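K.L.:
Got a predicted structure plus its sequence, pasted below:
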Amino acid sequence: MSIKGDIAIVTGAASGIGQAIAVQLSKQGVHVVLVDINSCEDTISKMATDVSYIESLGDIRDENFVNATVNQTIERFGKIHILVNNAGTCCRKSLEDLTIDDWNRDLDTNLKAAFYFTKACVYPHMKEAKYGRIINISSISGMNGGVTSGQDGQGRSGAAYAASKGGIIAFTKWVAKELGPDGITCNSVAPGATATGITAGVPYDLSLQPVQRIGVPDDIAHAVLHFASREASYTTAQVLKVDGGLSIG
């Protein structure tokens, strides 16, 4: 792919989908800024050895941390080509049990942080370069109200998670509309049931899913690679469902 030498920021890079995205980007020759609240040592051990990286550890809900990460990226590499807003939390409580703290945690992590990073990367860096690839990790929960597998409610995500992921999809389309004239594309990948720390121990009914297996992080990472490429310059405002076909059920 034509992204060798590009610079990417990936949030939630310490594990799961974010780790897979960072590793797959590095294998394409992309230098990666690994953003997480936890150590990214395991991710670094899996990355290609002929690329550079920055590990930026902190709370992505803190705008000052976000701005510092972007500034550090520019100081080290001079440019930002790719932004992957991946980091997320998921509170699976019922609406009755959901607290405002639960709500704010999911909305701030999954949606507000994406706003912070997008704005910091675009203005002025991507806009001045007349180039950028922004990929937001949403979820089919943001499209179907939170049921991620089966009609019996198994695998149901929470109201805050579904709302945040639906918000990411709307945000993706708005950013694509506004920044398209500047050579910046913005797309979303919407995973279905995927084996990560967030889904550990959650029972999934795959009987209605054409591909009857749970997804793995690399399934999502390969979709991100397409949107990150220069070859995807005519693709923007799209939501790619990577869900084993569940969404047709």
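P.N.:
Received it, and whenever you're ready, just let me know what you need.

K.L.:
drop to CA atoms for contacts and neighbour counts, all remaining ones
P.N.:
Will do.

K.L.:
What lies in contact with the longest strand seen in the chain?
P.N.:
Determined from DSSP state E, the single longest strand within the chain is strand 184-191. Here strand 184-191 makes contact (C-alpha atoms under 8 Å, 6 or more residues apart in numbering) with 126-127, 130-140, 169, 172-173, 175-176, 179, 220, 223-224, 227, 233, 235-243.

K.L.:
From residue 116, how far out is residue 68?
P.N.:
11 Å (C-alpha to C-alpha, to the nearest Å).

K.L.:
which one of those two has more residues nearby?
P.N.:
Neighbour totals were compared for residue 68 and residue 116, and residue 116 leads with 18 against 13 (other C-alpha atoms under 10 Å).

K.L.:
Show me which parts of the one helix or strand in the chain whose mean pLDDT sits lowest are buried, residue by residue.
P.N.:
Every helix and strand in the chain was compared by mean pLDDT, DSSP states H and E; the lowest is helix 141-144, with a mean of 88. When neighbours are counted by 16 or more other C-alpha atoms under 10 Å, the buried residues of helix 141-144 are found to be 141, 142, 143.

K.L.:
next one: stretch 63-77
P.N.:
Going by 16+ other C-alpha under 10 Å, stretch 63-77 has these buried residues: 63, 65, 66, 67, 69, 70, 73, 77.

K.L.:
average pLDDT for it?
P.N.:
Per-residue pLDDT over stretch 63-77 has a mean of 98.

K.L.:
got a list of contacts for it?
P.N.:
7, 33, 54, 56, 58-60, 79-80, 113, 116-117, 120-121.
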